[in-house]
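K.L.:
When you get a sec, could you give me coordinates for this:
(one chain, ligands or ions: 1)
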Amino acid sequence: MDIDVFTLFPGWFDWFREQRHVANALANGHRLECVDYRATTPLSGGQVDDTPFGGGAGMVLRVDVVEAALRARYDRDPVDVRQERRVVALTPGGRLLDEPLVRELAAEPALTLLCGRYEGFDERIVEHFATEAISIGRYVLAGGELAAMVLCDTVLRKLPGALGDERSVVEESFSEALEGGPEYPHYTRPASYRGWDVPEVLLSGHHARIDAWRREESRRRGET
Ligand code: ADE
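P.N.:
Numbers count the residues shown, from 1 in each chain. Next comes the predicted model:
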């Protein structure tokens with residue numbers, strides 16, 4: 001997997017890249033690189049945004065700035081880059097990121113993530129340079145960087161070798177193994193704590209019963 005993140009704050013991703021599962025994925029040959037819109041802006045003084053036509057508060061990321069950054073990176077018209085890789089604009093109003101979408105993205109060889117800032121993107125960026133708009137929830141972040149990290153986190157942990165134990169992704173919340181339902185509850189030692197006992201079945205060593213109990217718990221949680 002080859003991920004390019006276009007951002008005004010590439011430094012934010014330094015911390016992210018050091019986290020264990022991300023570092024593992026990178027050590028296994030996957031790539032996560034940041035491109036700073038400011039490095040290629042055609043405007044003077046490092047300008048990247050502008051006031052919205054029609055008035056209103058805040059600033060909007062300019063289409064010419066994003067085009068320059070994409071052209072510098074891919075050496076072609078950004079309109080055509082979409083034929084080779086998914087180009088995701090991170091916006092609060094986009095398609096909600098959920099487990100099926102994560103799986104879809106994790107199967108891609110390459111992704112480009114465009115982070116917006118302030119009031120967001122000039123709409124022509126989304127329309128002409130992106131293949132899609134994705135949201136991590138119906139709330140507004142100060143920018144797309146945290147949303148890009150959430151997306152990368154969830155996609156990278158799906159890739160073989162990112163997690164210590166491959167079973168983690170097979171039977172986790174919203175997986176096919178659990179028929180799309182939330183995960184069952186987990187317990188560890190001590191078996192009894194302040195009178196709060198671990199369900200007896202989990203201590204029984206009876207795998208079929210444990211399995212049936214877990215599936216039932218997952219199903220019950222999915223109802224609420
Ligand atoms: N940018 C600002 N808010 C966002 C959100 N909720 N999801 C994705 N990108 C965003």
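K.L.:
three-state assignment of residue 105?
P.N.:
Under DSSP: H, G, I helix; E, B strand; the rest coil, the three-state class of residue 105 is helix.
K.L.:
need the residues of this protein near the ligand, please.
P.N.:
Those residues of the chain that sit near the ligand, judged by CB under 6 Å from any ligand atom, are 90, 91, 92, 116, 135, 136, 137, 139, 140, 141, 144, 147. For every residue, glycine as well, the C-beta is placed using N, CA and C.
K.L.:
tell me which element the last one is part of?
P.N.:
Under the criterion DSSP states H and E, the helix or strand holding residue 147 is helix 145-156.
K.L.:
Also the second one?
P.N.:
With secondary structure defined by DSSP H and E, residue 91 is part of strand 86-96.
K.L.:
tell me which residues of that strand are tucked away?
P.N.:
86, 87, 88, 89, 90, 91, 92, 94 (16 or more other CB atoms under 10 Å).
K.L.:
Could I get the contacting residues of the residue nearest in space to the middle of the chain?
P.N.:
In the chain, the centroid-proximal residue (CA atoms, centre = their mean) is residue 151; its distance is 0.1 Å. Applying CB atoms under 8 Å, 6 or more residues apart in numbering to residue 151 gives the contacts 88, 90, 97, 102, 105, 113, 134, 136.
K.L.:
Need these in a markdown table (columns: distance to residue 217).
P.N.:
Written out in a markdown table, the entries for these read as follows (distance: CB to CB, whole Å):
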| residue | distance to residue 217 |
| --- | --- |
| 88 | 34 |
| 90 | 34 |
| 97 | 25 |
| 102 | 23 |
| 105 | 29 |
| 113 | 35 |
| 134 | 31 |
| 136 | 27 |
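K.L.:
Filter the residues you listed down to the buried ones and hand me the ChimeraX line.
P.N.:
Typed into ChimeraX, the next command selects the buried ones out of the contacts of residue 151 (criterion: 16+ other CB under 10 Å):
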select :88,90,97,102,105,113,134,136
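K.L.:
Closest to residue 7 out of the contacts of residue 151?
P.N.:
When those are compared for distance to residue 7, the smallest value, 8.2 Å, is given by residue 113; criterion: CB to CB.
K.L.:
Okay, buried residues for the host helix or strand of the closest one please.
P.N.:
Take DSSP H and E as the rule and residue 113 turns out to sit in strand 110-115. Residues of strand 110-115 classed as buried under the neighbour-count rule (16+ other CB under 10 Å) are 111, 112, 113, 114, 115.
K.L.:
With pLDDT as added columns, please give these in a markdown table.
P.N.:
Converted to a markdown table, the buried residues of strand 110-115 look like this (pLDDT from 0 to 100):
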| residue | pLDDT |
| --- | --- |
| 111 | 98 |
| 112 | 98 |
| 113 | 98 |
| 114 | 98 |
| 115 | 98 |
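K.L.:
Could you point out the helix or strand that follows the helix or strand bottoming out on mean pLDDT in the chain?
P.N.:
Taking mean pLDDT, DSSP states H and E as the measure, the chain has helix 167-170 as its least confident helix or strand, at a mean of 67. Proceeding N to C from helix 167-170, the next assigned helix or strand is strand 192-193, under DSSP H and E.
K.L.:
quick one: strands adjacent to that following strand?
P.N.:
In the sheet containing strand 192-193, the strands it pairs with under DSSP bridges are strand 196-197 (antiparallel).
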